[in-house]
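Undergrad: from the sequence below, what's the structure:
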Amino acid sequence: MTILQNDIPHRIKAVFFDIDGTLISFKTGKIPESTQNALKKLRQKGIKVIVATGRSINSLHHISHIEFDGFITFNGAYCVTTSQEVISRSIIDPADIRRLTRYAEEAPLSYSLMYEDKVEINDATEEVVGMYAHINIPVPPVHDKEHIDTENVLQANIFLRPEAEAEFMAKVMPNSTASRWTPLFADVNGGGITKQLGIEKFCSYFGIDTADTMAFGDGGNDISMLKFVKIGVAMGNANDAVKDAADYVTAEVDEHGIEQALMHFGLL
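TA: Sure, this is the predicted structure:
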């Protein structure tokens with residue numbers, strides 16, 4: 001879809017941002033100064049600036065120095081305002097978690113379980129340690145296999161290749177939804193949970209029409225929200241599937257992609 005610069009810049013009321021590969025550079029582990037300034041200017045104009053991430057609510061310290069109006073975390077499973085008001089919370093079906101843990105006892109599979117207050121892994125394998133290093137987050141503790149809380153998991157990270165995902169989900173976690181931003185693992189949430197749903201929750205909370213929204217992303221778990229908002233922007237470092245889902249492709253994170261796109265659409 002082609003969206004012209006002058007179509008609706010005056011109508012945009014909320015902009016949603018992925019974190020890793022969108023706000024934060026994978027190369028530097030930092031948010032470019034141009035991006036920080038752009039977010040500040042949006043809020044000064046009265047535009048809501050909201051995070052939309054697969055990270056847990058307790059893994060946002062890399063962006064804690066920036067003011068936001070809300071947080072879509074766990075890919076839409078946990079939505080909370082800056083005043084800590086939880087507006088949406090959705091767990092994974094406990095039966096799916098029980099099947100996952102049983103499966104991993106019999107087959108070589110690494111996973112993490114993400115809760116409101118903690119993240120646990122089943123094994124500190126090289127791929128797991130490497131993933132957490134990639135996003136600059138400490139490796140979570142290994143859980144006690146005899147005392148796994150299966151009733152309150154908001155998201156799981158399943159370390160399997162894309163070609164094995166469909167069969168695994170159908171067999172082990174049929175009531176859940178998988179998405180991914182890396183070939184290393186899939187983010188798994190409760191059935192129907194996506195960043196799009198998080199946007200719907202925040203639009204309802206703030207009384208904003210979804211036709212007045214914009215979103216930035218770079219990973220597969222961003223596709224639902226890029227298609228849903230009025231203007232979906234893919235970062236230049238996104239893969240082709242994400243770019244195809246977007247209305248506009250901007251420059252990479254380190255090339256001031258967020259600032260460029262906001263200027264392109266007349267929001268700065």
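
Undergrad: ramachandran coordinates for residue 153?
TA: When quoted as degrees, to the nearest 10, the phi and psi of residue 153 stand at phi -80, psi 120.

Undergrad: so it sits against residue 118, correct?
TA: No: Residue 153 lies out of contact with residue 118 (C-beta atoms under 8 Å); the separation is 10.6 Å. Yep, even glycine has a C-beta here, placed from its N, CA and C like the rest.

Undergrad: and stretch 15-27, what's buried?
TA: 15-25 (16 or more other C-beta atoms under 10 Å).

Undergrad: ok, so of these, who is nearest residue 163?
TA: Relative to residue 163, the closest of the buried residues of stretch 15-27 is residue 21; by C-beta to C-beta it sits at 22.4 Å.

Undergrad: list the contacts for the residue nearest to that closest one when sequence neighbours are not counted?
TA: Distances taken as C-beta to C-beta, 6 or more residues apart in numbering put residue 218 closest to residue 21, at 3.9 Å, once the chain neighbours are dropped. Residue 218 makes contact with 18, 20-22, 181, 234-235, 237-239, 242, 253, according to C-beta atoms under 8 Å, 6 or more residues apart in numbering.

Undergrad: domain ranges for the chain?
TA: Residue ranges for the domains of the chain, per automatic domain parsing: 9-89+193-264, 94-190.

Undergrad: need the winner for burial among those.
TA: Mean neighbours per residue, mean count of other C-beta atoms under 10 Å, is largest over the domains of the chain for domain 9-89+193-264, with a mean of 20.

Undergrad: quick check: mean pLDDT of it?
TA: Averaging pLDDT along domain 9-89+193-264 gives 96.
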